[in-house]
Each structure stands twice: as C-alpha cells, then as structure tokens.
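1. build me a model:
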Amino acid sequence: MKNKRVWILSAVALAVLVVGGSRLLSKRKAAALSSPTTASATARVELAQNDVLIANVRDLTLSLPISGTVQATATAMIKAKVTGELLKVHVREGDAVHAGQVIAEVDPTEYQARVRQAQQQADAALAQVSIAQRQYDNNNALVQQGFISSTALQNSLASLQTAQANHAATVAALDIARKSLQDARLTSPIAGVVSQRLMQPGERVAPEARIAEVVNLSQLELQAALSAEDAAQVKVGMQAQLHAEGVNAPIPARVLRINPSAQVGSRSVLVYLGMQGQAGLRHGVFAQGELGTQAVKTMAVPVSAVRTNKPEPYVQVVQEGKVAHIAVKPGARALVDGQAWTSVEDLSEGAQVLLASAGTVAEGTTVQFTGANPAPAK
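-> Here you go, the predicted model:
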C-alpha cells in the first residue's frame, strides 16, 4: 500500500514538471517571435533626398561593349626607291611634316651621271633624226623631178622613221634616269607627324627599305572585333562613347564601316569606328567603350540600386514610410550620363527606390527624410 502511494505522488510531481516546462517554453517562443517585430518597429533610418530615386520609364540606348587599338586613318611608311648610301635624314620622331616635304636623301651621284648619259644619247639620236629628215626631203624632191625612183624615197622614209623611234627610246630612257634621280629624294605623301625613324645617315639602302613612318592624327579609327550575333545589331552611323589611355574626357565615335567577312578562326566580325583627333589621343593606344545599338522605353534604375545578396535580385523601396524589399528582374543595360542603368521588371512607376548611397537597410525600418521628399528622375 505504501509503495502504491509513493508511485502516485511521483506521477503527480512529474506531471507538474511537464506542465510547468511547457508553459515556460511557450513564453520564451512568444518572446522570441515578438522581439524582431519590436526591433523593426523601433528601428529608424534617416535618408537624404539624393539617397532615393523616384522610378519612372526612361529612354535607354542599349549598347555593346567594344574595345580595340586606336589607329590613324592616314599613315605612310617612307621607303627607299633606289639603291645607294643614305646621305641625310631630315626628321626625327615627333617632328611635324607637310605633304611633299623631303624626309631623307640618297647619294645622287650615280643617278646624276645616268641622267647626263641619257641626255647625251637623246641628243645624238635627235641629230640622227635631223640627218634622216634632210635625206628624206632631198629624195622626195628628186622623185618629184623624176631623177630617182620611188623605192629610194621609201628607203629614206624608213631610215627617218627608225631615227625617230631611236630618239623616242632615248627620251624614254632619259625620263627613267630623271625619275631615279628624283627618287633619291624621299618625300612624305601626307601631312602628319613622324612616328618612327628607322635608318640613320651612312647606311646603304635598297629599294623598299623603310626609312621613316608618318601618321596623320586628325582622323583616327578603332577596329573592334564583335561576335556575329552582336555585329548583326550594328549599322553604319551608330554612335559610341570611348575611353582611351591618356584621355580623361569621353571620346565620341561613329561606325564608319563593317567588314562583310568574319575572321578565320575567331569567327568575329570587324567593325571600324571613326573619331576626331584630340589632345592626348595617340596612334596605337588601347580604347574601350560602349556602342549604342537600340533605343527603348522601359522602367529603369541604376545598376548599383539592384541588390544581389539574396537568392533573387531586389531593390529597396520606401512604402508607407518603411523600407520594403521588392524582387525584380534586371534586363538590358545602358549608360546614362556615364552611369550604368538597367531595365527592371516588377517595379511600379513612382516607387521610391533606395540608391547605393543608402546602403542595405532591413525590411520594416522606418524612414525619415532629412530634407524635401525626393523628386522624380529626369
């Protein structure tokens, strides 16, 4: 009987402990659930007007990234045309030259002698023409008087024509000799700036030996390689904004030509963009930028306003004085006043979007503006 009473008392004590523990656990869970709400309700953040953007529909120019090497449209490699010793090189790198200016001189002694030789041969041939002409005139008079036959006249005519042909040949040889003498003075075919001086006085040169290079920096080109898919969106006349080494300001460019053939191996298509020369922009520097391909109207926000620290991209907006997170689908990107913007879906027009300067703010945080309410983006 005594054991039965002990067992009953133990069961009652255990039941009391179980009920008490359950009530304590329930209170703790309720406290845990209520604490974030209390924290969210009491959290507050102050924002300036420039921390918030009123979302609206914008005109975006969709663009393609491009890059390449800047090259002068007009370049000239000055090469030797005759063999000889290089007597003078009149220019150095960085010197400005005009079209027709003498760049270098090859020793003309041999070519001057050839001109004199060809001139003397031409003079001798001209004398033979004079003799043959007088012979023909005399025979022609005698034939008319009946003193000689017409055969003699034909022979004198043949001699005259031969002398005339020989004279024409010597005159052509004289022209060739004069051309060689002229080629001993190397001139620039274009105006520009000397970019390379490749030979020094005293060296012996042969035809096609490179002496100097001249580039005209007033008109420049960028050769960009695009995929066939991207190149299909490009048309002649499209505008681009480039950034080059050594130039702080953006460089406007325009599509001049599109290569009709794809490159072997890479299958890329070359697009050529023209630009005006400006201070600091040099032949051979690397440049990159954006090529505008299509204008669209779409809801857009700065790329920096789209947060990616959750499984889905989202933007922070102010709704009824508190911060809310709205999932969005970013789309095409474009540059607006030098800043990257992206089109977004699932965002209402007029929404107050927190920019990157506001930082990441927890949902439910109360917002207080330090100045006037934000204005719509222009």
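2. list the beta-bridge partners for the residue nearest the centre of the chain.
-> Nearest to the geometric centre of the chain sits Leu222, at 3.3 Å (CA atoms, centre = their mean). Note on Leu222: beta-bridge partners by DSSP bridges are Val70, Leu273.
3. verify the contact between it and His283 for me.
-> No. Using CB atoms under 8 Å, Leu222 is not in contact with His283, being 11.5 Å away. C-beta coordinates here come from the backbone N, C-alpha and C atoms, glycine included.
4. pull up the overlap in contacts between those two.
-> Common contact partners of Leu222 and His283 (CB atoms under 8 Å, 6 or more residues apart in numbering): Val70, Gln71.
5. run through the helices of the stretch 151-300 of the chain in chain order.
-> Using DSSP state H, counting those that start in this stretch, the helices assigned to the stretch 151-300 of the chain run over residues 228-231.
6. quick revisit: contacts only, for the residue nearest to the centre of the chain.
-> So Leu222 contacts Ile66, Gly68, Thr69, Val70, Gln71, Leu242, Ala253, Tyr272, Leu273, Met275, Ala287 (CB under 8 Å, 6+ apart).
7. what about it, distance to Leu126?
-> 58 Å (CB to CB, to the nearest Å).
8. where does the chain have its least confident helix or strand?
-> helix 2-42 (a mean of 49; mean pLDDT, DSSP states H and E).
9. same for whichever helix or strand comes after it, what does it pack against?
-> Sequence order places strand 44-47 as the next helix or strand after helix 2-42, per DSSP states H and E. Helices and strands touching strand 44-47, as assessed by 3 or more CB pairs under 8 Å, 6 or more residues apart in numbering; DSSP states H and E, comprise strand 366-369.
10. contacts for the strand it packs on, please.
-> By CB under 8 Å, 6+ apart, strand 366-369 touches 41, 43-49, 52, 318, 321-323.
11. show the average pLDDT along that strand.
-> The average pLDDT within strand 366-369 is 86.
12. tell me which residues in that strand are buried?
-> Across strand 366-369, burial judged by 16 or more other CB atoms under 10 Å covers Thr366, Val367, Phe369.
13. before we move on, what about stretch 96-110?
-> So stretch 96-110, judged by 16+ other CB under 10 Å, has buried residues Val97, Ile103, Ala104, Glu105, Val106, Asp107, Pro108, Glu110.
14. of those residues, which pair is most distant in space?
-> Farthest-apart pair in these is Val97 and Glu110; separation 27.0 Å (CB to CB).
15. for Leu281, which non-adjacent residue is closest in space?
-> The shortest distance from Leu281 to any non-neighbouring residue, by CB to CB, 6 or more residues apart in numbering, is to Val247 (5.4 Å).
16. for stretch 84-98, the distance to its chain's centre please.
-> For stretch 84-98, the separation from the chain centroid amounts to 31 Å (computed by CA atoms, centre = their mean, to the nearest Å).
17. now the end-to-end length of that stretch.
-> By CA to CA, to the nearest Å, the extent of stretch 84-98 from end to end equals 25 Å.
18. mean confidence for it?
-> On average, stretch 84-98 scores 95.
19. so which bits of that stretch are buried?
-> Gly84, Leu86, Val89, Val91, Val97.
20. how about low-confidence regions in the stretch 151-300 of the chain?
-> Within the stretch 151-300 of the chain, no range satisfies pLDDT under 70.
21. hey, where'd the strands end up in it?
-> With strands called from DSSP state E, counting those that start in this stretch, the stretch 151-300 of the chain shows them at 185-187, 192-197, 204-205, 210-226, 239-244, 251-262, 269-276, 286-302.
22. need the contact list for Val194.
-> Val91, Arg92, Glu93, Gly94, Asp95, Ala96, Val97, Ile103, Ala212, Glu213, Val214.
23. what about it, distance to Gln200?
-> 14 Å.
24. now Gly292
-> Taken as CB to CB, the span from Gly292 to Gln200 is 48 Å.
25. have a look at those two and say which one is more surrounded.
-> Taking neighbours as other CB atoms under 10 Å, Gly292 and Gln200 compare with Gly292 leading, 18 against 9.
26. surely that one touches Leu60?
-> No. Using CB under 8 Å, Gly292 makes no contact with Leu60, being 9.6 Å away.
27. which neighbours do those two share?
-> Ala334.
28. want to throw the strands of the stretch 151-300 of the chain into JSON lines with distance to Asn138?
-> Below are the strands of the stretch 151-300 of the chain laid out as JSON lines (distance: least, CB to CB, whole Å):
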{"stretch": "strand 185-187", "distance to Asn138": "48"}
{"stretch": "strand 192-197", "distance to Asn138": "62"}
{"stretch": "strand 204-205", "distance to Asn138": "54"}
{"stretch": "strand 210-226", "distance to Asn138": "57"}
{"stretch": "strand 239-244", "distance to Asn138": "80"}
{"stretch": "strand 251-262", "distance to Asn138": "69"}
{"stretch": "strand 269-276", "distance to Asn138": "70"}
{"stretch": "strand 286-302", "distance to Asn138": "79"}
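29. so which of these is nearest Ala122?
-> strand 185-187 (22.8 Å).
30. what about that closest one, distance to the chain center?
-> Relative to its parent chain, strand 185-187 has a centroid offset of 33 Å by CA atoms, centre = their mean.
31. list the buried ones in it?
-> Leu186.
32. and it, what does it pack onto?
-> strand 56-79, strand 102-106.
33. just checking, Gly338 touches His243?
-> No. Between Gly338 and His243 there is no contact under CB under 8 Å: 9.9 Å.
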